[in-house]
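Student: generate a structure from the sequence data that follows.
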Amino acid sequence: MNPSIAARLDRLPVVRTHRIAVAVVGMALFFDLYENFLAATISSVLKTELDLTRTQLNLILGSAFFGQFVGAIVMGRLSDRIGRRPAFMINLAVYSVFSLVAAFSPNAWFLVAMRFCAGIGIGAEFALADSYLADLLPKAVRGKFISWSYTVAFIAVPVVGLLARWLVPLHPLGFDGWRWLFLLGGIGAFAVWVIRRGLPESPRWLETHGRHEEAEAICSSLEAEARAAGHTLAEPDDEATVRPAASMGFSSLFGPQLRRRTTMLWILSALEAFGYYGFGTLAPLVLMEKGFDVVSSLGFVTASYLGYPLGSLLAIPLVERIERKYLVMISAAAMAAFGLWFGFASSPAQIVVAGIGYTMVSNLFSNAYHVYLADSYPTAVRATAAGSAYSLSKIATGILPFILLPLLDAHSPELVFGLVALMMVLLIVNVAVLGHRTTGRSVDALE
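Tutor: Numbers count the residues shown, from 1 in each chain. Next up is the predicted model:
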């Protein structure tokens with residue numbers, strides 16, 4: 001029997017096409033994270049500029065995530081049906097258009113609606129990126145290069161902080177500084193949409209859908225690229241690889257082979273929102289609760305956000321050396337510890353150190369989580385599975401302001417971060433009991 005496309009892709013060295021795909025996907029993910037952290041970063045500014053009630057502020061913070069919940073489910077499933085590349089193009093175009101329109105919002109309710117629609121576009125970005133890169137990259141370096149893509153992406157978080165710190169007090173061309181932040185997001189996403197058109201389709205996806213000639217052409221091109229660079233290709237190993245049918249649907253996620261990991265990953269995805277997005281949602285408001293003014297709070301938050309790309313860099317040497325399951329658990333425990341420190345911190349030095357520590361380990365967690373999620377399902381259902389699991393993190397994040405901000409108003413930052421730590425403990429127990437190992441295995445290998 002001829003070796004599968006999957007086996008041939010897994011035996012490849014990393015070539016120029018792989019690196020370009022990693023960079024382009026990272027640039028697109030940049031705007032996913034830009035959107036996710038934008039409203040939280042300028043929440044105190046929006047509250048003043050638009051004279052927001054608490055309910056309106058909660059809706060502005062949560063609306064993009066509610067949209068992302070819809071987008072992650074719809075676009076994830078669409079990606080398994082029509083292909084990774086077309087889905088990539090659709091979701092980034094939708095985000096770009098509605099982010100541009102959001103910049104001209106006349107009131108809070110219009111901004112809520114535009115952020116919801118932009119969220120639909122960007123909602124599946126991580127699920128599609130996880131699926132596409134897992135499809136394309138060789139198994140031996142999959143985690144490492146996905147982490148490189150995330151490192152490019154997470155530069156967005158300190159960029160949001162720096163832009164907010166710079167633009168919020170200004171009115172360039174008579175346009176409010178906070179509006180420029182939405183405008184820049186839409187323009188940048190459109191530029192990446194243009195570049196993304198050059199990416200190839202996933203050969204694994206093409207093979208599962210019977211488009212063998214197209215899959216063969218892309219795979220052969222990658223092999224030729226490797227040989228031209230002086231590499232000798234080993235014989236493909238199909239021993240642990242299955243060839244999943246293209247007809248696998250949503251119900252297969254709860255079939256005998258996938259039920260346990262789907263349950264674990266859905267619980268993991270819902271709980272991780274408290275730790276990962278909880279900090280971004282809370283930090284500016286927690287600092288104001290501690291007595292710092294808006295500008296000082298933005299400065300501290302921006303300094304803390306430097307930990308996001310640093311944490312992603314930290315993941316690069318670790319994600320292939322430490323089993324993904326255990327890396328998720330270790331980094332979640334570190335998030336709980338740094339979160340409690342940030343909640344109790346009172347001096348500027350402690351706040352910045354605890355904030356950078358928190359964001360570093362949360363991005364180590366994020367990289368491990370996303371690679372783990374992409375590792376866990378076969379090609380035919382990977383985007384559907386990743387999108388459905390990831391959608392739970394989005395709906396949980398959308399609900400977070402309605403849980404955490406009233407708790408902050410009624411009690412204290414210490415109690416809020418105590419709740420976040422409790423969620424991280426439950427997450428660790430879930431992964432320890434139900435989790436499976438994936439490091440170094442083919443993405444189409446099932447137990």
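
Student: buried set for stretch 335-352?
Tutor: For stretch 335-352, a neighbour-count test (16 or more other C-beta atoms under 10 Å) marks 335-336, 338-343, 345, 351-352 as buried. Placement of C-beta: from N, CA and C, glycine included.

Student: mind picking the two most distant members of these?
Tutor: For the buried residues of stretch 335-352, the maximum inter-member distance is 19.4 Å, found between A336 and V352 (C-beta to C-beta).

Student: between the buried residues of stretch 335-352, which sits nearest H212?
Tutor: Distances from these to H212 were compared by C-beta to C-beta; the smallest belongs to M335, at 44.7 Å.

Student: would you confirm that the closest one contacts M360?
Tutor: No. M335 is beyond contact range of M360, at 9.8 Å (criterion: C-beta atoms under 8 Å).

Student: which residues sit against the one helix or strand G186 maps to?
Tutor: Counting by DSSP states H and E, the element that carries G186 is helix 177-196. Contacting residues not belonging to helix 177-196 are listed as 24, 27-28, 30-31, 34-35, 38, 42, 45-46, 49, 88-89, 92-93, 95-105, 160, 163-164, 166-172, 175 [C-beta atoms under 8 Å, 6 or more residues apart in numbering].

Student: if you count contacts, what does whatever helix or strand L310 lives in end up packed against?
Tutor: L310 is located in helix 307-318, with elements delineated by DSSP H and E. Applying 3 or more C-beta pairs under 8 Å, 6 or more residues apart in numbering; DSSP states H and E, we find helix 307-318 packed against helix 142-154, helix 156-167, helix 348-375.

Student: tabulate the ones you listed in a markdown table, adding columns for mean pLDDT and distance to H209.
Tutor: What follows is the helices and strands packed on helix 307-318, written out as a markdown table (pLDDT from 0 to 100; distance: least, C-beta to C-beta, whole Å):
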| stretch | mean pLDDT | distance to H209 |
| --- | --- | --- |
| helix 142-154 | 87 | 22 |
| helix 156-167 | 79 | 33 |
| helix 348-375 | 87 | 19 |
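
Student: export the ones you listed as JSON lines, with columns for distance to L405.
Tutor: JSON lines is the format used below for these (distance: least, C-beta to C-beta, whole Å):
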{"stretch": "helix 142-154", "distance to L405": "25"}
{"stretch": "helix 156-167", "distance to L405": "19"}
{"stretch": "helix 348-375", "distance to L405": "18"}
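
Student: and of the ones you listed, who's closest to F254?
Tutor: Evaluated with C-beta to C-beta, these place helix 348-375 nearest to F254, the distance being 16.5 Å.

Student: any figure for the gap between A23 and R16?
Tutor: Counting by C-beta to C-beta, to the nearest Å, the gap between A23 and R16 amounts to 11 Å.

Student: ugh, wrong one, I meant F402
Tutor: Distance of F402 to R16, computed by C-beta to C-beta: 47 Å.

Student: ok, the two, which is more surrounded?
Tutor: Neighbour tally, F402 and R16, criterion other C-beta atoms under 10 Å: the higher count belongs to F402, 15 against 12.

Student: quick one, grab the pLDDT at the closest residue to the more buried one other than its chain neighbours.
Tutor: Nearest residue to F402, sequence neighbours excluded (C-beta to C-beta, 6 or more residues apart in numbering): N58, at 5.4 Å. Residue-level confidence at N58 comes out at 77, pLDDT.

Student: N58 contacts I399, doesn't it?
Tutor: No. The pair N58 and I399 does not pass the contact test of C-beta under 8 Å, sitting 9.5 Å apart.

Student: settle it for me: which of those two has more neighbours?
Tutor: In this view N58 and I399 are compared by other C-beta under 10 Å, and N58 has more residues nearby, 23 against 17.

Student: ok now the helix or strand that one falls within, how far from the chain's centre?
Tutor: Using DSSP H and E, N58 sits within helix 54-82. Distance, stretch centre to chain centre, for helix 54-82: 13 Å (C-alpha atoms, centre = their mean, to the nearest Å).

Student: after that helix, next one along is what?
Tutor: Sequence order places helix 84-102 as the next helix or strand after helix 54-82, per DSSP H and E.

Student: how about the next helix or strand after that following helix, which residues are buried there?
Tutor: Past helix 84-102, heading to the C-terminal end, the next element that is a helix or strand (DSSP H and E) is helix 108-122. Residues of helix 108-122 classed as buried under the neighbour-count rule (16+ other C-beta under 10 Å) are 108, 111-122.

Student: for stretch 309-325, same thing?
Tutor: Counting neighbours by 16+ other C-beta under 10 Å, one finds that the buried residues in stretch 309-325 are 309-316, 318-320, 322-325.

Student: ok, H370 to S312 distance?
Tutor: On the measure of C-beta to C-beta, H370 and S312 end up 11 Å apart.

Student: between the two, what contacts are shared?
Tutor: Taking C-beta under 8 Å, 6+ apart as the contact definition, H370 and S312 share the neighbouring residues Y150.

Student: how close does G161 sit to G307?
Tutor: 11 Å.

Student: ok, back up a step: kindly reformat the buried residues of helix 108-122 as TSV containing pLDDT and distance to V301.
Tutor: Converted to TSV, these look like this (pLDDT from 0 to 100; distance: C-beta to C-beta, whole Å):
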residue	pLDDT	distance to V301
A108	84	22
L111	87	21
V112	88	23
A113	91	26
M114	90	24
R115	87	20
F116	91	24
C117	90	26
A118	87	22
G119	86	22
I120	88	27
G121	84	26
I122	80	22
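
Student: can you redo those residues as CSV with distance to S220?
Tutor: As requested, the buried residues of helix 108-122 are arranged in CSV below (distance: C-beta to C-beta, whole Å):
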residue, distance to S220
A108, 54
L111, 49
V112, 49
A113, 47
M114, 45
R115, 44
F116, 44
C117, 41
A118, 39
G119, 39
I120, 37
G121, 34
I122, 34
